[in-house]
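A.B. asks: coordinates for the following, if possible.
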Amino acid sequence: MSDATDPDPPSVPPAAAQARAAWLRAELAHHAHRYYVLDAPEIPDAEYDRLFRELQQLEARYPGLRSADSPTRRVGGAVLAAFAPVRHAVPMLSIQTETDTTAGGAVAFDARVRRELGLSDDAPPVAYAAELKFDGLAINLRYVDGVLVQAATRGDGETGEDVTQNIRTIGQIPLRLLPLPPAGEGRGEGGPAPAVLEVRGEVYMRRDDFERLNARQRELGQKTFINPRNTAAGAVRQLDPAIAAQRPLSFSAYGVGEVVGWTLPGSHAQLLDALSAFGLPVSADRAVVQGPAGLVRFHDDIEARRDQLPFDIDGVVYKVDELAVQQRLGFKSREPRWAVAHKFPAQEQMTLLRDIEVQVGRTGKLTPVAKLEPVFVGGTTVSNATLHNLFELRRKGVRIGDTVIVRRAGDVIPEVVGRVPGARAAYVSNFRMPRTCPVCGSAVLREKGGIDHRCTGGLFCAAQRKQALLHFAGRRAMDIEGLGDKLVDQLVDGGLIRTLPDLYMLGIAQLSALERMADKSAANLVAALDKRKHTTLARFLYGLGIRHVGEATARDLAHHFGAIERLMDASVEQLLEVDDVGPVVAQSIRTFFDQPHNREVVEQLRAAGITWPEHEGSADITPKPLAGKTLVLTGTLPALTRDEAKALIEAAGGKVAGSVSKKTHCVVAGAEAGSKLDKARELGVEVIDEAGLRALLRGT
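C.D. replies: Numbering: from 1, shown residues only. Alright, predicted model coming up:
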């Protein structure tokens with residue numbers, strides 16, 4: 001490729017292309033400054049990547065557009081005047097981004113590598129080191145004779161910022177390296193730490209640490225932070241290390257810079273193993289894979305687990321594993337040919353906020369919902385996003401007509417993160433919550449000291465009635481198969497159901513008359529209703545939808561009181577005796593059962609045939625056969641479902657855990673038991689079957 005100084009560029013770009021390229025360079029420089037220097041980005045990463053790719057394509061088509069100050073010629077960022085500059089002995093270059101989020105991205109990278117290496121179709125597959133692409137801030141750690149002497153940001157790739165004092169506050173980063181064990185084959189030299197070792201890695205913030213930090217900020221009445229990445233970057237650049245020390249940061253090493261006095265191992269994977277042996281944190285989610293099939297498997301596995309990881313990532317990174325082959329492939333412009341970042345579908349995108357509507361939930365909570373110009377984000381097209389509540393909406397400063405940033409992660413409900421700064425074309429007034437419910441017209445109130453607005457209509461409100469029915473029929477409540485959203489809509493809108501007990505008055509003839517409801521489907525629903533009439537008190541209580549009473553609280557209440565009458569008549573003081581029930585929950589329960597129509601619903605449901613086992617409650621001095629014991633369920637039991645077995649264990653005073661440990665009393669294993677059974681055998685934990693469980697429940 002020729003560059004901007006070529007005397008005879010291949011083509012003269014038209015004026016429109018020159019103007020567009022100039023605008024793109026200015027726009028990218030502005031957003032790079034906001035992202036890297038100010039830690040206050042105005043647009044999502046995906047939008048920046050789109051602009052960057054457009055400039056790359058323009059410069060590829062018209063080489064005469066290339067200039068020395070183009071963002072495509074440098075890594076990005078700048079040194080803050082407040083920090084001393086650090087010249088990198090080995091430049092901290094970025095790597096190419098593969099924006100094809102499908103398996104094709106991995107296949108395309110492998111094809112490029114094989115082409116560069118001149119490999120034939122029948123040559124063995126290339127080995128790759130695959131790892132995570134953390135969403136954090138790149139840092140270079142410089143160790144001299146094993147001691148941390150300097151830490152610097154990436155900066156512009158050539159010169160970074162000295163942030164040593166702040167980095168020293170990160171407990172994960174060793175101030176002195178451990179000596180390597182004796183060298184093994186291909187592992188490089190063992191013994192003392194190298195004379196010079198520069199370690200490259202990512203500083204980031206775990207999601208749980210981020211949530212705790214924001215909780216503390218709210219308690220102190222201070223501003224909360226927007227996302228973990230910006231919070232981590234801001235902490236690293238704090239001028240006061242004492243403030244940086246209050247930010248819970250983490251670090252993960254992924255490579256090296258300058259190395260003196262140490263022979264590197266033969267592969268990137270072995271290099272990471274060596275860094276781990278030095279005492280540096282290295283992500284466990286890494287693997288050596290063979291060819292494009294291995295890359296695709298790694299990509300798909302990490303993407304499937306993305307939302308379960310304790311930190312944010314935006315993709316995976318592939319590197320040719322053999323360091324000698326990396327050297328052979330070399331670099332092009334600003335990027336190595338031997339590595340690529342394979343991105344996942346963007347979790348943030350920009351779009352237009354067209355309107356704000358109010359949604360009424362099953363408990364009467366009013367939620368403002370953004371009606372958006374449809375946008376593809378997080379792997380799906382989003383046209384609605386939550387604004388949470390009026391206070392959150394005001395804090396974000398969004399109004400109808402704004403360009404906003406929308407975020408969607410996994411199965412989490414899409415949300416509006418904030419507005420893109422810029423002047424509004426015309427004055428738009430702040431959104432206000434309605435004074436009456438948009439569904440039933442009842443008054444809307446906000447609890448004293450609370451942030452949520454609520455409809456006071458209760459079961460009178462059709463919106464709450466539908467949601468109450470769906471919640472009551474849910475898998476964790478009464479588990480009524482076949483009663484879904486569309487059918488509930490028909491039942492409520494058609495006037496067949498106005499309250500929960502009406503469910504059990506439905507007949508096959510009524511149901512089969514509904515649209516898309518054949519006789520067989522109607523009979524199946526009636527049978528499902530009858531089948532689930534025998535339940536547990538905990539499920540029944542949870543199904544009532546009492547505010548603040550979740551699944552765990554319902555179990556605690558059922559265990560403590562044993563019978564519905566004792567619970568309905570309990571005072572606030574008596575409710576406070578239940579484990580994990582505080583004043584707010586106690587008052588909510590008391591308020592619910594103080595309403596005559598709620599008591600009437602309970603009696604009507606019991607009259608309809610709903611039953612459950614009752615007992616004397618936890619005040620009963622009779623010892624529980626499984627009191628103090630923790631059991632683990634795995635596999636499929638012959639007669640009991642997982643939920644039924646769990647309910648029986650809890651009723652007998654035991655607890656059900658999701659994993660096996662040395663404290664586990666026993667593991668109940670059924671057909672096709674998985675890794676929990678292997679773990680139990682490894683730890684010597686007793687394994688029983690369903691018959692053994694029933695014996696334990698009988699106390700024998």
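A.B. asks: ok, now which ones touch the residue lying closest to residue 83 once chain neighbours are set aside?
C.D. replies: Leaving aside its sequence neighbours, residue 83 sits nearest to residue 161 (Cβ to Cβ, 6 or more residues apart in numbering; 3.8 Å). Bear in mind the C-beta positions are built from the backbone N, C-alpha and C, glycine included. Counting by Cβ atoms under 8 Å, 6 or more residues apart in numbering, residue 161 touches 79-80, 83-86, 152-153, 155, 237.
A.B. asks: now swap in residue 666 and tell me
C.D. replies: 629, 631-632, 685-688, 692, 696.
A.B. asks: what's the pLDDT at it?
C.D. replies: Looking at residue 666, its pLDDT stands at 95.
A.B. asks: could I get the contacting residues of the spatially closest residue to residue 629 that is not a sequence neighbour?
C.D. replies: Distance criterion Cβ to Cβ, 6+ apart; nearest residue to residue 629, sequence neighbours excluded, is residue 665 at 4.0 Å. Residues in contact with residue 665 (Cβ under 8 Å, 6+ apart) are 626, 629-631, 654, 685-686.
A.B. asks: okay if I get those as TSV plus secondary structure and pLDDT?
C.D. replies: Listed next are the contacts of residue 665 as TSV, based on DSSP: H, G, I helix; E, B strand; the rest coil; pLDDT from 0 to 100:
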residue	secondary structure	pLDDT
626	coil	88
629	coil	89
630	strand	92
631	strand	95
654	coil	86
685	coil	94
686	strand	95
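A.B. asks: for stretch 316-326, give the mean pLDDT please.
C.D. replies: Average pLDDT, stretch 316-326: 97.
A.B. asks: let me fix that: stretch 40-49
C.D. replies: 84.
A.B. asks: now do it: distance to the chain's middle.
C.D. replies: The chain centre lies 19 Å from the centre of stretch 40-49; the measure is Cα atoms, centre = their mean, to the nearest Å.
A.B. asks: now stretch 155-169
C.D. replies: With Cα atoms, centre = their mean as the basis, stretch 155-169 stands 29 Å off its chain's centre.
A.B. asks: can you mark which positions in that stretch are buried?
C.D. replies: For stretch 155-169, a neighbour-count test (16 or more other Cβ atoms under 10 Å) marks 155-157, 159-164, 166-167, 169 as buried.
A.B. asks: equivalent analysis for stretch 472-489, please.
C.D. replies: Across stretch 472-489, burial judged by 16+ other Cβ under 10 Å covers 472-474, 477-480, 483, 487-488.
A.B. asks: who's in contact with residue 687?
C.D. replies: 666-667, 669, 677, 680-681.
A.B. asks: try 10 Å this time
C.D. replies: By Cβ atoms under 10 Å, 6 or more residues apart in numbering, the contact list for residue 687 reads 632, 634, 660, 666-669, 673, 676-677, 680-681.
A.B. asks: if we can go back for a sec, report the buried members of the contacts of residue 666.
C.D. replies: The neighbour-count criterion (16+ other Cβ under 10 Å) marks 629, 631-632, 685, 687-688, 696 among those as buried.
A.B. asks: tell me who's in contact with residue 352.
C.D. replies: Counted by Cβ under 10 Å, 6+ apart, residue 352 has contacts 370-375, 400-404.
A.B. asks: quick check, nearest of those residues to residue 42?
C.D. replies: residue 403 (10.0 Å; Cβ to Cβ).
A.B. asks: coming back round to it: could I get the contacts of residue 665 as TSV with distance to residue 91?
C.D. replies: Listed next are the contacts of residue 665 as TSV, based on distance: Cβ to Cβ, whole Å:
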residue	distance to residue 91
626	63
629	60
630	54
631	57
654	60
685	53
686	59
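A.B. asks: show me which of those residues is closest to residue 287.
C.D. replies: Closest approach between those and residue 287, by Cβ to Cβ: residue 685, at 30.0 Å.
A.B. asks: so which of the contacts of residue 687 are in strands?
C.D. replies: Cross-referencing the contacts of residue 687 against strands under DSSP state E gives 632, 634, 666-669.
A.B. asks: check those and tell me the two furthest apart.
C.D. replies: Spanning the widest gap among those are 634 and 666, at 11.3 Å by Cβ to Cβ.
A.B. asks: got any residues that touch both of the two?
C.D. replies: With Cβ under 10 Å, 6+ apart as the test, residue 634 and residue 666 both reach 660, 680, 687.
A.B. asks: residues touching the residue nearest to the second one when sequence neighbours are not counted, list them.
C.D. replies: Of all residues not flanking residue 680 in the chain, residue 667 sits nearest, at 4.1 Å (Cβ to Cβ, 6+ apart). Neighbouring residues of residue 667 by Cβ under 10 Å, 6+ apart: 631-635, 657, 660, 673, 676-677, 679-681, 683, 685-688.
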